[in-house]
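> pasting a predicted model and its sequence here:
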Protein chains: 2
Amino acid sequence: MKNAVIIVAGGAGKRMGYTVPKQFIIINDRPIILHTIDKFIEFDPGIEIIVVLAESYYETWQKLVTGSGFDFPVTIAAGGETRFHSVKSGLEQLKGDFLVGIHDSVRPFVTLPTIQLVFSTAELFGCAVPCVPLKESVREVHDEGSTPLDRSYIQIVQTPQVFRSDILRKSYETDYRTRFTDDASVVEAAGYPVRLVQGDEYNFKITSPEDLEIARMIINSQKPHLH
Amino acid sequence: MKNAVIIVAGGAGKRMGYTVPKQFIIINDRPIILHTIDKFIEFDPGIEIIVVLAESYYETWQKLVTGSGFDFPVTIAAGGETRFHSVKSGLEQLKGDFLVGIHDSVRPFVTLPTIQLVFSTAELFGCAVPCVPLKESVREVHDEGSTPLDRSYIQIVQTPQVFRSDILRKSYETDYRTRFTDDASVVEAAGYPVRLVQGDEYNFKITSPEDLEIARMIINSQKPHLH
């Protein structure tokens, strides 16, 4: 089956205190979102790529991405109010049967073996979600205080979450519910089983200024990107 | 009240695939455990420091720490079977009234403001535990499959966890229970309320080879340590 990936970059990332959303922050001469997209082109140079962007950032995309000489064919879709709406919008741009990965634009450190594993598992089972064990102690916080949680039962969910396009389309026919925190939860609500596979610890999401600083160190310690 | 810190370095860290436990891995000419201890000396040059080590690593400590010119007075205590036993062993070396921090030897990135905040909160309330919000989606895994968890109720527990020594001594009079996953859970089981304070995201625990690589990048990007 052909591969596609929906790169979700709907967020405006105001909390980072930057003037551009975090996926457009430049590290080693390229916006983070291109470091991310590179991984999928490396996985499959024939992959269909859909980038979901808030419409207010179409111009930023033009300036930073198209303008920088990036010429891989990419379809742009309009971001929605929530991740659910954004993924749905991206999915509408995809015609035909695919294995569809859904990936956060601010996870540039996903590795090739992880991408290969989630796509090949989804080809067999219709769905694959990369997870890593939670390594730190956790507490559940409630109005009356907090209580320890047993972390051995908890897995951190990463992306790319990969699904067969027919499963994804059927699942996204539903209306939005607040408990749709990720793509797997939508597919699961539609009655499909979710299959977990081993993710990798490097594949973190750049959310905070601390994450951004660590991302800079990692990217700058790698060899420069050759255009 | 006087300050003390118990640095917990009981683990042998075999899963890292190194011949020495991870707290003794050298980064920028110093074992990780010294990078960690430095932070507490910077916080309070009069602090009482107790290092809990597996007895089999006393020689490693001599060679890598004492032998490297580190001359801050430190009391060594014998590590036990679990963290509970190690902390209890460290606590037995402490005579008098203190605010006692308990800190993982492999968390060298704790910041001075965090140390100040946990110690000052514990001075007021008897107990303070640094926490950060869980930023990623999580699932609970069980025999029949997995279900999404609401992460907004979940906090990641870090160290140093700080307690008044009288509270800590009374709490550790108990026998070991498997649900003692951290120091706060012991104090809580003894009937004392646990107070959460804001931790910081940099303060991660070096557990995996990926963590170690990120730790190297962070430490090497900082200015060299001046002896």
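Sure, I can see it.
> hey, what's A:Phe98 bridged with?
Going by DSSP bridges, A:Phe98 is paired in beta bridges with A:Lys2.
> can you get me a residue count around it?
Look at A:Phe98: counted by other CB atoms under 10 Å in any protein chain shown, it has 21 neighbours. Glycine gets a C-beta too; all of them are placed from N, C-alpha and C.
> with A:Asp143 instead?
Look at A:Asp143: counted by other CB under 10 Å, it has 4 neighbours.
> for A:Val100, grab the count of nearby residues.
30.
> I'd assumed A:Ser165 was in contact with it.
Yes: between A:Val100 and A:Ser165 there is a contact under CB atoms under 8 Å: 5.2 Å.
> now for the two: what residues contact both?
Residues touching both A:Val100 and A:Ser165 (CB atoms under 8 Å, 6 or more residues apart in numbering or on different chains): A:4, A:91, A:94.
> identify, from the residues you listed, the entry nearest to A:Val141.
Taking CB to CB as the measure, A:Val141 sits nearest to A:Leu91 out of the shared contacts of A:Val100 and A:Ser165, at 34.9 Å.
> for that closest one, give its distance to A:Ile102.
As judged by CB to CB, to the nearest Å, A:Leu91 and A:Ile102 stand 9 Å apart.
> which of the two has more neighbours?
Higher neighbour count among A:Leu91 and A:Ile102: A:Ile102, with 27 against 22, using other CB under 10 Å.
> list the contacts for that one?
A:5-6, A:8, A:87, A:90, A:159-163, A:183.
> can I assume it sits in a strand?
Yes: remark: A:Ile102 belongs to a strand, assigned using DSSP: H, G, I helix; E, B strand; the rest coil.
> and the pLDDT at it?
Looking at A:Ile102, its pLDDT stands at 98.
> and what of A:Ala78?
For A:Ala78, the model assigns a pLDDT of 95.
> try A:Leu226
Value listed for A:Leu226 in the pLDDT field: 45.
> next one: A:Phe109 from chain B, what distance?
Taking CB to the nearest CB, to the nearest Å as the measure, A:Phe109 and chain B are separated by 9 Å.
> in terms of contact, does that residue touch A:Ile218 like I think?
Yes: counting by CB under 8 Å, A:Ile218 is a contact partner of A:Phe109 at 6.7 Å.
> between these two, which has more neighbouring residues?
Set side by side, A:Phe109 and A:Ile218 show more neighbours around A:Phe109, with 21 against 18, by other CB under 10 Å.
> which stretch of helix or strand covers that one?
Of the helices and strands defined by DSSP states H and E, none includes A:Phe109.
> could you report the distance from it to A:Ile115?
Distance of A:Phe109 to A:Ile115, given as CB to CB: 12 Å.
> just for chain A, where's the confidence low?
The model of chain A has pLDDT under 70 over residues A:11-18, A:223-227.
> show me where it has its strands.
Along chain A, counting by DSSP state E, strands occupy A:2-9, A:26-27, A:30-31, A:48-53, A:74-78, A:98-104, A:127-133, A:138-142, A:145-149, A:154-157, A:161-164, A:196-198.
> and those strands as CSV, adding distance to B:Val129?
As requested, the strands of chain A are exported to CSV (distance: least, CB to CB, whole Å):
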stretch, distance to B:Val129
strand A:2-9, 34
strand A:26-27, 34
strand A:30-31, 38
strand A:48-53, 39
strand A:74-78, 44
strand A:98-104, 30
strand A:127-133, 22
strand A:138-142, 8
strand A:145-149, 9
strand A:154-157, 19
strand A:161-164, 33
strand A:196-198, 30
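> comparing those strands, which comes out most buried?
Among the strands of chain A, strand A:161-164 has the highest mean neighbour count (mean count of other CB atoms under 10 Å in any protein chain shown), at a mean of 28.
> that one pairs with which strands?
Partners of strand A:161-164 in its sheet, by DSSP bridges: strand A:98-104 (antiparallel), strand A:127-133 (antiparallel).
> just send the ones you listed back as JSON lines, with distance to A:Thr82 too.
Output for the strands paired with strand A:161-164, formatted as JSON lines (distance: least, CB to CB, whole Å):
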{"stretch": "strand A:98-104", "distance to A:Thr82": "14"}
{"stretch": "strand A:127-133", "distance to A:Thr82": "19"}
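> for the nearest residue to A:Ile206 once chain neighbours are set aside, phi and psi?
Nearest non-adjacent residue to A:Ile206, counting by CB to CB, 6 or more residues apart in numbering or on different chains: A:Val106, 4.2 Å away. Dihedral angles of A:Val106 (phi, psi; degrees, to the nearest 10) stand at phi -100, psi 30.
> give me the number of residues near A:Val106?
27.
> where's it relative to chain B, distance?
11 Å.
> what's the separation between that residue and A:Met217?
16 Å.
> swap in A:Leu196?
Relative to A:Met217, and taking CB to CB, A:Leu196 is found at 30 Å.
> hang on, isn't A:Ile90 packed against A:Ile50?
Just so we're on the same page, residue A:90 is Gly rather than Ile. Yes: the pair A:Gly90 and A:Ile50 passes the contact test of CB under 8 Å, sitting 4.6 Å apart.
> follow-up on the earlier one: shouldn't the residue nearest to A:Ile206 be in contact with A:Phe204?
No: contact between A:Val106 and A:Phe204 fails when scored by CB under 8 Å: they sit 9.2 Å apart.
> just to revisit the earlier point, out of the shared contacts of A:Val100 and A:Ser165, which is nearest to chain B?
A:Leu91 (19.3 Å; CB to the nearest CB).
> common neighbours of A:Gly90 and A:Ile50, please.
With CB under 8 Å, 6+ apart, A:Gly90 and A:Ile50 have common neighbours A:6, A:77.
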